[in-house]
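Participant: Sequence first, predicted coordinates after that:
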Amino acid sequence: MATIHYWDRNPPYGALAIAAVGDVTVTINSDPKATKDTVASLALADGEVLRGTSTISRYLSRASTKDLQGKDALSSVYVDNWMDHCAQLVPSPQLESLCIALSDYLALRSFFVGYQLSSADLSIWGALQGCPLWKKIKSSGKVPHLSRWFDLVSSFPEVQKVVDENDLAKKRAVAAATDSVEAKKGGGDTGSFDIDLPGAKKGHVVTRFPPEPSGYLHIGHAKAALLNQHFAQMYEGKLLVRFDDTNPSKEKDEFVENILKDIADLGLKYDRLTYTSDYFPQLLEIGERLIKKGVMYADDTPVEQMRNERLERIESKRRNRTVEENLKIWEEMKAGSEVGLLNCMRFKIGMSSDNGCMRDPVAFRCNLTHHWRTGHTYKLYPTYDCACPFVDAYEGVTHALRTSEYKDREEQFYWVLKAMQAVWPDLPNVHIWDYSRLNFVHTVLSKRKLAWLVDNNHVDGWFDPRMPTVQGILRRGMVIPALKEFILSQGASKNVTTQEWDKIWTINKKHIDAVCPRHTAVETENKVLLTLSDGPSVREELQVPRHKKHAPAGEKTQVRLNQIWIDQADAKELKDGEEVTLMDWGNAIVEKITRSEDGQTVTALSGKLNLAGDVKKTKWKLTWLADVQELVNLTLIDFDYIISKRKIEVDDDFKEFVNDQSRTVKVAVGDINTAKLAKGEIIQLERKGYYIVDEPYVSSDKPVVLFAIPDGRQKPANK
């Protein structure tokens, strides 16, 4: 067996990922006693030793049977060319421009070569993963397509495992988190999971998270994903992620990539990634067997008439077609012919059931739309109700967790599975466990409704910070630990409740307040210049903590001068002769207040320092900024609920309650340090609240854009 040897602080990520994804068996020797001069090596069984990440990667790529080197000679050449490119992806002044070029190349591509993961992707990913400058470039916003691709590659379970096993910082974080959970002894977050799954045996439980690639994941999906992971881990079993891609009209490659990104952001650890489309051949085979068994029939009843007949419990005139006739139409449907397009296939269950889901539901229907994964190979697709029971059983899922809104469909699930077991030997049973749907005030979680908001430009996309999508709430400033804490606190209860957003944002504040740096901003509109007669006429600069109680936040530069800006709102509260505190400087006495002619606006202030004054005795603690040229233009954006009504009822048309005044913009100037903030960095603007950097500093004529983060106490902007 071959052995890879390397310094544990400089893993050959690309080679390790190729071995993992390519299913090449190697022994790992991660040596903490090696040095920075240690070159990664691969010792083969015959005594031959290969040195260098590039050489090792090429060997492992060719040793794999997974087509990582490309499916043909030309693809293999392209893969080699991209692997050569990795030598340039090292810390240097040219790295950013190289990454921008790679990002541009990926603008319309998911992978570097062809339509699937190859050693080219894994090698470039490995070079970036091991490069200390990559994180800064990735967060700059300059390489959006390369960042998207990097997250996609990182989401593959084998790649995740390579990172987990070699990232020293992550190892320490995981160890600390484990210690914390152990200290809680099962209390707090996990207290509501004290239930037993029916028929569950340790080591044999398999759960699945089956997102449909017709939108981005929202917070309800996050709950489903984390619950499935929790039970898989609790029973020492497995978690599968399966894309339910049975409706090509709604599915896009964009959605698949972003769902994988969301899964990676949530830290979901799954054992296998599959697609329902992997099983289209088997589903068509079982469809034919069900027809021959007499439990499925072709029906060309118009859609509206079929809907009404199901409501009225009226049998279709086509219900008693012969097996031969049904098989003939089945072939027409598979071909996508004119006759086939007029028909669907329905399960023959029973039209008299009190459960509407049991009244001969549709099992297969034609669709000529290009499928994002299989192209035009198929013209006939199973419905979710048909595909899910089969694929669950076929993949060995033991417990299917689903929200209680689907309770009526459980009877149908078990009927369909039993019918399939009758014609497909050895399909195992699947247990359904239902839990409560996650509901929030002023929120819709239907993907159809969320898509309508996007398609009609009421929001800026699925990642808009007003959206309840994972990307939306993360962009607004939610941190993953807070999101997980909230979801796990909900547990697996079956009690349906409507949650307040204040609760989750309060949890978030607890996580960010202790660590986020502090900065200062003054609103631009009618800002007031305070002239201090005894202040420094030449600027003074001090290095002060960005967070007084969290040293790792680092330091910032504070500039002091005899002219400083303060907010108009603060200036209006002051009185002649009043002593105030200038935060992080000392006290001052306001000697003169100049107002506009109408007396409504303060236009200027003058005063003097009183640094010996007692800061505890002043009423006003003022934030301020020295009047220097380097102040940074800021755009502060706050958000209200996109849905104005607290709870949308079943009979409501949610479109009538869309709030098109849900975005409030203020202009401000920030301290000189805000020019260094990175995209996604969370800060507190003192006396204004918490913010996340959406657009970092680029140039003096383009403001830094900050999104306000709710803290659980603030009222919505327009309420």
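Facilitator: Great, that's in hand. Numbers count the residues shown, from 1 in each chain.
Participant: Next up, the contacts around the residue nearest the centre of the chain.
Facilitator: Residue closest to the mean C-alpha point of the chain, counted by C-alpha atoms, centre = their mean, is Asp262 at 2.6 Å. Asp262 makes contact with 216-217, 221-222, 469-471, according to C-beta atoms under 8 Å, 6 or more residues apart in numbering. For every residue, glycine as well, the C-beta is placed using N, CA and C.
Participant: Show the backbone phi and psi for it.
Facilitator: The phi/psi pair for Asp262 (degrees, to the nearest 10) reads phi -60, psi -40.
Participant: what does Val77 give?
Facilitator: Taking degrees, to the nearest 10 as the convention, Val77 sits at phi -60, psi -40.
Participant: Leaving out chain neighbours, which residue sits closest to it?
Facilitator: Nearest residue to Val77, sequence neighbours excluded (C-beta to C-beta, 6 or more residues apart in numbering): Gly70, at 7.9 Å.
Participant: and Phe112, what element?
Facilitator: Counting by DSSP states H and E, no helix or strand carries Phe112.
Participant: what does Tyr6 give?
Facilitator: strand 2-7.
Participant: could you point out which element follows that strand?
Facilitator: Assignment by DSSP H and E places the next element after strand 2-7 at helix 13-21.
Participant: What is that following helix packed up against?
Facilitator: Helix 13-21 sits against strand 2-7, helix 53-63, helix 119-129, helix 157-166, with contacts defined as 3 or more C-beta pairs under 8 Å, 6 or more residues apart in numbering; DSSP states H and E.
Participant: and that helix, how far out from the chain's middle?
Facilitator: Relative to the centre of its chain, helix 13-21 is centred 25 Å away, using C-alpha atoms, centre = their mean, to the nearest Å.
Participant: then it to PDB, C-alphas only?
Facilitator: Extracted C-alpha coordinates of helix 13-21, given in PDB (Å, rounded to 0.1, in the frame of the first residue of the first chain):
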ATOM      1  CA  TYR A  13      -4.600  19.100  -0.100                       C
ATOM      2  CA  GLY A  14      -5.000  18.500  -3.900                       C
ATOM      3  CA  ALA A  15      -3.300  15.100  -3.800                       C
ATOM      4  CA  LEU A  16      -5.300  14.000  -0.700                       C
ATOM      5  CA  ALA A  17      -8.600  15.100  -2.300                       C
ATOM      6  CA  ILE A  18      -7.800  13.100  -5.500                       C
ATOM      7  CA  ALA A  19      -7.000  10.000  -3.400                       C
ATOM      8  CA  ALA A  20     -10.200  10.400  -1.400                       C
ATOM      9  CA  VAL A  21     -12.600  11.200  -4.300                       C
END
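Participant: that's a helix at Leu74, yeah?
Facilitator: Yes: counting by DSSP: H, G, I helix; E, B strand; the rest coil, Leu74 is part of a helix.
Participant: Tell me how far it lies from Cys86.
Facilitator: Separation of Leu74 from Cys86 (C-beta to C-beta, to the nearest Å): 20 Å.
Participant: neighbouring contacts of stretch 94-105?
Facilitator: 88-89, 112, 124, 128, 131, 133-134, 137, 140, 142-147.
Participant: tell me the pLDDT at the residue nearest to Val77?
Facilitator: Listed pLDDT for Gly70 reads 88.
Participant: For it, the count of nearby residues, please.
Facilitator: Using other C-beta atoms under 10 Å, Gly70 is surrounded by 20 other residues.
Participant: who's in contact with Met583?
Facilitator: If you count contacts by C-beta under 8 Å, 6+ apart, then Met583 has 520, 621-624, 686 around it.
Participant: at 6 Å what do you get?
Facilitator: 621, 623 (C-beta atoms under 6 Å, 6 or more residues apart in numbering).
Participant: how much space between it and Asp671?
Facilitator: 12 Å.
Participant: picking that back up, output the helices and strands packed on helix 13-21 as JSON lines; include the columns mean neighbour count and mean pLDDT.
Facilitator: Formatted as JSON lines, the helices and strands packed on helix 13-21 follow (neighbours: other C-beta atoms under 10 Å; pLDDT from 0 to 100):
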{"stretch": "strand 2-7", "mean neighbour count": "20", "mean pLDDT": "88"}
{"stretch": "helix 53-63", "mean neighbour count": "22", "mean pLDDT": "92"}
{"stretch": "helix 119-129", "mean neighbour count": "27", "mean pLDDT": "94"}
{"stretch": "helix 157-166", "mean neighbour count": "18", "mean pLDDT": "88"}
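Participant: will you turn these into CSV that also has distance to Pro703?
Facilitator: Converted to CSV, the helices and strands packed on helix 13-21 look like this (distance: least, C-beta to C-beta, whole Å):
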stretch, distance to Pro703
strand 2-7, 44
helix 53-63, 42
helix 119-129, 30
helix 157-166, 35
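Participant: Nearest approach to Thr594 belongs to which of the ones you listed?
Facilitator: Closest approach to Thr594 among the helices and strands packed on helix 13-21 is made by helix 119-129 (56.4 Å; C-beta to C-beta).
Participant: any idea of the mean pLDDT in the helix or strand just after that closest one?
Facilitator: Downstream of helix 119-129, the first helix or strand assigned by DSSP H and E is helix 134-139. Mean pLDDT, computed over helix 134-139, is 89.
Participant: chain center to helix 134-139, what's the gap?
Facilitator: That offset, for helix 134-139, works out to 18 Å (C-alpha atoms, centre = their mean).
Participant: go on, stretch 96-104?
Facilitator: 24 Å.
Participant: how about that stretch: buried residues?
Facilitator: Neighbour-count burial for stretch 96-104, counted by 16 or more other C-beta atoms under 10 Å, picks out 96, 98-100, 102-103.
Participant: Output the residues you listed as CSV; include the columns secondary structure.
Facilitator: Converted to CSV, the buried residues of stretch 96-104 look like this (three-state DSSP):
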residue, secondary structure
Glu96, helix
Leu98, helix
Cys99, helix
Ile100, helix
Leu102, helix
Ser103, helix
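Participant: Just the element for Ala225, please.
Facilitator: helix 219-234.
Participant: got the CA positions of that helix in CSV?
Facilitator: Output of helix 219-234 as CSV, limited to C-alpha atoms (Å, rounded to 0.1, in the frame of the first residue of the first chain):
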residue,chain,number,x,y,z
ILE,A,219,-34.5,28.1,7.3
GLY,A,220,-37.2,25.4,7.3
HIS,A,221,-34.9,23.3,5.1
ALA,A,222,-32.1,24.0,7.5
LYS,A,223,-34.1,22.5,10.3
ALA,A,224,-34.9,19.4,8.2
ALA,A,225,-31.2,19.0,7.3
LEU,A,226,-30.0,19.4,10.9
LEU,A,227,-32.6,17.1,12.3
ASN,A,228,-31.8,14.3,9.9
GLN,A,229,-28.1,14.7,10.7
HIS,A,230,-28.9,14.7,14.5
PHE,A,231,-30.7,11.4,14.4
ALA,A,232,-28.2,9.8,12.1
GLN,A,233,-25.4,10.7,14.5
MET,A,234,-27.5,9.9,17.6
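Participant: Cool, thanks, signing off.
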